[in-house]
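K.L.:
give me a model of this one.
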Amino acid sequence: MHNTHPKIPREYAAHWSDYELLDAGDGKKLERWGKIITIRPDIHADFKSGWSYAQWQDMAHWEFEEHSTTQGQWKNIKSDAGLNFQQRVRAGQKILNLFAYTGAASLVACDAGAEVVHVDSVKQLITWANENKERSHLADIKWVHEDALKFAQRELKRGKHYDGIIMDPPAWGLGAKGEKWKLEHHLSGLIETAFGLMNSGAFLILNTYSPKIELSDLAASAGLFFTKNQVEIKQLWMPTKTGK
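P.N.:
Numbering: from 1, shown residues only. Coordinates of the predicted model:
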């Protein structure tokens, strides 16, 4: 049986210097907006991407993470902390990624040859992270669907240690069993637990997005466990074109 439908010709959009579709596939697209590169979902990208997801992560500055069909958030991939992390991770290291979301840091560490434990309380996010790992053809990652702080506290009791710990806790939210979470109430406990899990020479990266946490509060909490020379605290800013 022959296809009698005429072939529809393709018309390509004119080149625009400030926008470029770099790659697409696996339900996402990689785009350049001026000098900024983003990853966004796209239901029409139902084919295999040209580059691996790990390559996308290495190029992109921001990724939009869907929480439902109507909700989501932008995740900063290329922050200073992320760049410092990429420079620090080594093959054979044991890396603990807490509040790990869809796994950008986990994939970077795994791609570098590290042994990664990925922890998040949202099962759907772990599913997406595993899909991202499979698309990138990376080695196994240990997936843990559990409250991040409680898991870390149990690891401490078990005598486990890590060469690097990454924590990206939400300002507020709900745990795996519906527990209410406010970062300002758990900040010191997070830092204390992470400190106990660190090998000699290990690194800790903690991102905070809570407007209720002042830099002085963060410095005070870190100062309970680390010397002043061991702590570096920065604010990440992005200026507007109007100078705001």
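
K.L.:
so where do the strands sit in this protein?
P.N.:
19-25, 28-33, 36-41, 62-66, 72-76, 94-98, 115-120, 142-145, 162-167, 172-174, 180-182, 198-206 (DSSP state E).

K.L.:
can you say which of these is packed in most?
P.N.:
strand 94-98 (a mean of 27; mean count of other Cβ atoms under 10 Å). C-beta coordinates here come from the backbone N, C-alpha and C atoms, glycine included.

K.L.:
which pLDDT value belongs to residue 244?
P.N.:
According to the prediction, residue 244 has pLDDT 49.

K.L.:
do the same with residue 56
P.N.:
Residue-level pLDDT assigned to residue 56 equals 89.

K.L.:
what number of residues lie near it?
P.N.:
Neighbour count of residue 56, defined by other Cβ atoms under 10 Å: 26.

K.L.:
related to what we said a few turns ago, reformat the strands of the chain as a markdown table; add mean pLDDT and distance to residue 131.
P.N.:
Output for these, formatted as a markdown table (pLDDT from 0 to 100; distance: least, Cβ to Cβ, whole Å):
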| stretch | mean pLDDT | distance to residue 131 |
| --- | --- | --- |
| strand 19-25 | 90 | 12 |
| strand 28-33 | 91 | 10 |
| strand 36-41 | 90 | 12 |
| strand 62-66 | 84 | 13 |
| strand 72-76 | 73 | 16 |
| strand 94-98 | 97 | 16 |
| strand 115-120 | 96 | 13 |
| strand 142-145 | 96 | 11 |
| strand 162-167 | 96 | 20 |
| strand 172-174 | 72 | 22 |
| strand 180-182 | 79 | 25 |
| strand 198-206 | 93 | 24 |
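
K.L.:
save those strands as TSV, and put in distance to residue 126 too.
P.N.:
Shown next, in TSV, are these (distance: least, Cβ to Cβ, whole Å):
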stretch	distance to residue 126
strand 19-25	22
strand 28-33	18
strand 36-41	17
strand 62-66	13
strand 72-76	15
strand 94-98	11
strand 115-120	5
strand 142-145	5
strand 162-167	16
strand 172-174	15
strand 180-182	17
strand 198-206	20
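
K.L.:
where does this protein dip in pLDDT?
P.N.:
1-14, 69-70, 76-85, 174-177, 237-244 (pLDDT under 70).

K.L.:
can you rerun that using 80?
P.N.:
1-18, 35, 67-87, 172-181, 209-211, 235-244 (pLDDT under 80).

K.L.:
circling back: who wins for proximity to residue 212 among the strands of the chain?
P.N.:
strand 180-182 (8.0 Å; Cβ to Cβ).

K.L.:
quick one: strands adjacent to the closest one?
P.N.:
strand 172-174 (antiparallel) (DSSP bridges).

K.L.:
from what I see, residue 221 and residue 191 are in contact.
P.N.:
Yes. Counting by Cβ atoms under 8 Å, residue 191 is a contact partner of residue 221 at 5.3 Å.

K.L.:
just checking, residue 116 touches residue 108?
P.N.:
No. Shown here, residue 116 and residue 108 do not form a contact pair, counting by Cβ under 8 Å, at 9.3 Å.

K.L.:
any idea which residue is closest to the centre of this structure?
P.N.:
Closest to where the C-alpha atoms of the chain average out (Cα atoms, centre = their mean) is residue 104, at 4.0 Å.

K.L.:
relative to residue 154, how far out is that residue?
P.N.:
25 Å (Cβ to Cβ, to the nearest Å).

K.L.:
repeat for residue 183
P.N.:
Residue 183 sits 20 Å away from residue 154, going by Cβ to Cβ.
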